[in-house]
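Here is a sequence together with a model predicted from it:
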Amino acid sequence: MSKSLPYTKKDVDYDNAKFRHRSFFKVITQSLVTSNLKRDCISCSTGKFLLLLLIFGLGYVMLAHSGPVVSNNQAIVNRNSEEGSIPIEGGSKFKRFWRRPPRLPPRLPPDAKGNTNGIGRVNQDVKSIWTTRQQKVKDAFVHAWSGYKKYAMGFDELMPLSQHGVDGLGGLGATVVDALDTAMIMGLDEVVAEAGSWVEAHLSERISKKGQVNLFETTIRVLGGLLSAYHLRGGEKGMNLTQAGPEPAVYLETAKNLADRLLSAFTSSPTSIPLSDVILRDSTAHPAPDGRSSTSEVSTLQLEFNYLSSVSGDQKYGVEAMKTLDHIKTLPKVEGLVPIYISPQSGQFSGDNIRLGSRGDSYYEYLIKVWLQCGATSNGNTSYLYEMYKEAMKGVRHLLVRKSIPNGLVFVGELPYGSNGGFSPKMDHLVCFLPGTLALGATKGLTKKKAMLSNMLNFEDLENLKLAEELAKTCFEMYSVTSTGLAPEIAYFHTEEFSELGLDGGNKSSEYINDIIIKQADRHNLLRPETVESLFVLYRITEDPKYREWGWQVFEAFEKYTKVDTGGYCSLDDVTTVPPIRRDKMETFFLGETLKYLYLLFGDSSVVPLDKFVFNTEAHPIPINLKK
């Protein structure tokens, strides 16, 4: 026959999902009522003595140990386990009082406990903080543009300290075109109207009359900027973010005019490797002075030319550009890694220098991005690009990745004399594109959570994502280790084989002050975007808020040390000293890339989503997998 329970539902207090302490009197009386000791022991004097002894013993236990406080779920388990069972005499009851109470999870803060309103307020507060910070980035863009507009409108770049413009990129108004889609994304219609009107009135004429331009720089900045503006302004299947400025067709026709002239770099070459420079006014091309092209330059044209073919209906642009990657596929490599120079005359790599910094960087970036652009899930003619990318990243991990001492920062070094030569612990700031590229290659633009739920990530993807996060930390520490909080152009890392004293970043409070070496000639900062680019991509993919916080620290340092009161922002000569010596130059990519990536980092992830767009190497968003 089942016994009654030692407590009833009257003893349950469901506030905060806990039981109340039972009173001492109730504990004793209920134990006596439900125990066989009542029948067996009370009938004799010895039994009475033992009963009194038991009462005093139980009293001592209750005073010496707090009563059992258990969770509601645990109590239900205990209750259910006892129903319908025959209790063992005495011992099980005593044991119940003796046991220690189980640990309970920590209680929620008062404003979040027991309801969702507190959580909602916290989320709203966080969103408000980042909305405010995003607005500050927009204000910085307006300040940069105002200086350019006032002192350098129509020139390639602003010299903010001397307050005039300079043409260093062929005289095509590169800052105007580079900044145009940033203004569209930020919703700055006034800037869009100013920049768009200038493009409509002047750019085609300049393209027809200007002289020498670099194929690579002109493609990524001007052609890429025009094509992105075309899409965001509402071109074919476009987003139509703004009604300001000219009609989308203006951007497309200007892009075709430019690309028709740039094509001479391909058609004039004796091989599939394009020449490095083009004379726009007569559509002729010639090689660089030493006859070689940079590997990164010849392989960082395909996103733009492919997209132009897609929207113009003329396949010649994409066909010519893709010949280069098709040819590089056939060349010998070192575990997927390639030298930084290639000859248009022979079609072969030149020299042995292997690095992911200048002249090598965006080759690896475009392998994965062109594959994504053409349809990552297809088994089409571009699948070889993904295989080349995977092999190259294995080579990076095997040959180029090392850890610094004493604190183990993961960095990517160089092989100046190839795989048979020595390793150099030198890492350009340009290499900080790699964390974002690794993360993008791992999840194909989806969040890590979605990719894992879809069972998309294999072991190699997870290894690449882990390396991406480790390298992003290193790139951020290249900023925080300096006195200004801004990174140098080049850093070296302290290893067992390499060390130089007295060349730290100046921030003595940094944990990594002894890991990072900054040589005198490498201490300048050009307002580069690579680190904030990777922070943006990693935040979108991992959803880890630390990447936003790191980005905010970088932005604050730019505001503090590079902002020019009269308009614009300037480069720095030495990031390790305060106040830093300023350099009279505002690169176009500060508006086109750095501020764009910071703005997107602090904003909603649905804006220009990574599974719908790839960003060219100048941060101009290109839509993925449009119908050819």
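Done, it's in.

going forward, measure contacts between C-alpha atoms and count neighbours the same way
Noted.

What ranges in the stretch 301-450 of the chain fall below the confidence cut-off?
376-380 (pLDDT under 70).

again, but for the chain
1-52, 56-120, 376-380, 626-628.

longest helix of it?
For the chain, the longest helix by residue count, based on DSSP state H, is helix 117-152.

Show me which residues of it are buried.
130-131, 133-138, 140-149, 151-152 (16 or more other C-alpha atoms under 10 Å).

Tell me how far it lies from the chain's centre.
18 Å (C-alpha atoms, centre = their mean, to the nearest Å).

name the helices or strands packed onto that helix?
strand 157-159, strand 164-166, helix 546-561, helix 595-601 (3 or more C-alpha pairs under 8 Å, 6 or more residues apart in numbering; DSSP states H and E).

Which of those sits closest to residue 355?
Judged by C-alpha to C-alpha, the one of the helices and strands packed on helix 117-152 that comes nearest to residue 355 is helix 595-601, at 24.7 Å.

okay, the closest one in CSV with CA atoms only?
Provided in CSV are the C-alpha atoms of helix 595-601 (Å, rounded to 0.1, in the frame of the first residue of the first chain):
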residue,chain,number,x,y,z
LEU,A,595,34.3,54.0,-44.0
LYS,A,596,32.0,51.7,-46.0
TYR,A,597,33.1,48.6,-44.1
LEU,A,598,32.8,50.4,-40.7
TYR,A,599,29.3,51.6,-41.6
LEU,A,600,28.2,48.1,-42.6
LEU,A,601,29.9,46.6,-39.5
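
what's downstream of that helix, the next helix or strand?
Of the helices and strands lying after helix 595-601 in sequence (DSSP states H and E), the nearest is strand 613-615.

In its sheet, which strands sit next to whatever helix or strand comes next after that next one, and in what direction?
Downstream of strand 613-615, the next assigned helix or strand under DSSP H and E is strand 621-623. Applying DSSP bridges, strand 621-623 is found paired with strand 613-615 (antiparallel).

Off-centre distance for the partner strand?
Counting by C-alpha atoms, centre = their mean, strand 613-615 comes out at 13 Å from the chain centroid.

and what of stretch 546-560?
With C-alpha atoms, centre = their mean, you get 13 Å for stretch 546-560.

Only the buried residues of it, if you could.
547, 548, 550, 551, 552, 553, 554, 555, 557, 558.

what number of residues lie near the residue nearest to residue 421 when sequence neighbours are not counted?
Leaving aside its chain neighbours, residue 421 sits nearest to residue 415 (6.7 Å; criterion: C-alpha to C-alpha, 6 or more residues apart in numbering). By the criterion of other C-alpha atoms under 10 Å, residue 415 has 21 neighbours.

For residue 415, name its beta-bridge partners.
With DSSP bridges as the rule, residue 415 is bridged to residue 354.

just checking, it touches residue 426?
No: taking contacts as C-alpha atoms under 8 Å, residue 415 lies outside contact range of residue 426: 9.5 Å.

rewinding a little: closest one of the buried residues of stretch 546-560 to residue 290?
Nearest member of the buried residues of stretch 546-560 to residue 290, counting by C-alpha to C-alpha, is residue 558, at 36.9 Å.

which helices and strands sit right next to the helix or strand where residue 541 lies?
In the assignment (DSSP H and E), residue 541 maps to helix 530-542. Packing partners of helix 530-542 (3+ C-alpha pairs under 8 Å, 6+ apart): helix 434-443, helix 448-453, helix 459-480, helix 546-561, helix 595-601.

Buried deepest among those helices, which one?
helix 434-443 (a mean of 27; mean count of other C-alpha atoms under 10 Å).

Show me what that helix is packed against.
Helix 434-443 packs on helix 361-373, helix 459-480, helix 530-542, going by 3+ C-alpha pairs under 8 Å, 6+ apart.

Same list (those helices) but as a markdown table, adding distance to residue 435.
Compiled in a markdown table, the helices and strands packed on helix 434-443 are given as follows (distance: least, C-alpha to C-alpha, whole Å):
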| stretch | distance to residue 435 |
| --- | --- |
| helix 361-373 | 10 |
| helix 459-480 | 4 |
| helix 530-542 | 6 |
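
Figure out which of the helices and strands packed on helix 530-542 is closest to residue 299.
helix 434-443 (15.5 Å).

can you list the residues that contact that closest one?
By C-alpha atoms under 8 Å, 6 or more residues apart in numbering, the residues outside helix 434-443 that reach it are 365, 368, 451, 456-457, 461-462, 464-465, 467-469, 471-472, 533-538, 541.

What distance do you get for residue 607 to residue 260?
32 Å (C-alpha to C-alpha, to the nearest Å).

Those two: which is more packed in?
Neighbours were counted for residue 607 and for residue 260 using other C-alpha under 10 Å; residue 260 has more, 13 against 9.

Quick one: closest of the helices and strands packed on helix 117-152 to residue 333.
helix 595-601 (32.8 Å).

And that closest one, what does it pack against?
helix 117-152, helix 530-542, helix 546-561.

and the end-to-end length of stretch 421-439?
30 Å.

and residue 237, what does it touch?
residue 231.

surely residue 478 meets residue 487?
Yes: using C-alpha under 8 Å, residue 478 makes contact with residue 487 at a distance of 5.2 Å.

Common neighbours of those two, please.
By C-alpha under 8 Å, 6+ apart, no residue touches both residue 478 and residue 487.

what about the residue nearest to residue 258 when sequence neighbours are not counted, helix or strand, and which?
Nearest non-adjacent residue to residue 258, counting by C-alpha to C-alpha, 6+ apart: residue 207, 6.4 Å away. Residue 207 is part of helix 204-209, with elements assigned from DSSP H and E.

Report the next helix or strand after that helix in sequence order.
Next along from helix 204-209, by DSSP H and E: strand 212-214.

contacting residues around the following helix or strand past that next one?
For strand 212-214, the succeeding helix or strand toward the C-terminus, using DSSP H and E, is helix 215-218. With C-alpha under 8 Å, 6+ apart as the test, helix 215-218 has contacts from 169, 262, 265, 275, 276, 277, 278, 297, 298, 300, 301.

before we move on, the earlier item: so the longest helix of the chain versus helix 546-561, what angle?
Counting by axes from the mean of the first three to the mean of the last three C-alpha atoms, to 10 degrees, helix 117-152 points 40 degrees away from the direction of helix 546-561.

Alpha carbons only: can I get stretch 123-141 in CSV?
The C-alpha trace of stretch 123-141 is given here as CSV (Å, rounded to 0.1, in the frame of the first residue of the first chain):
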residue,chain,number,x,y,z
ASN,A,123,18.6,44.5,-27.0
GLN,A,124,17.1,47.9,-27.8
ASP,A,125,19.9,49.7,-25.8
VAL,A,126,22.6,47.8,-27.7
LYS,A,127,20.9,48.5,-31.0
SER,A,128,20.7,52.2,-30.1
ILE,A,129,24.4,52.3,-29.3
TRP,A,130,25.4,50.9,-32.6
THR,A,131,23.0,53.1,-34.5
THR,A,132,24.7,56.1,-32.9
ARG,A,133,28.1,54.8,-33.8
GLN,A,134,27.0,54.1,-37.3
GLN,A,135,25.8,57.7,-37.6
LYS,A,136,29.3,58.8,-36.5
VAL,A,137,30.8,56.9,-39.4
LYS,A,138,28.3,58.6,-41.7
ASP,A,139,29.3,62.0,-40.2
ALA,A,140,33.0,61.1,-40.9
PHE,A,141,32.2,60.3,-44.5
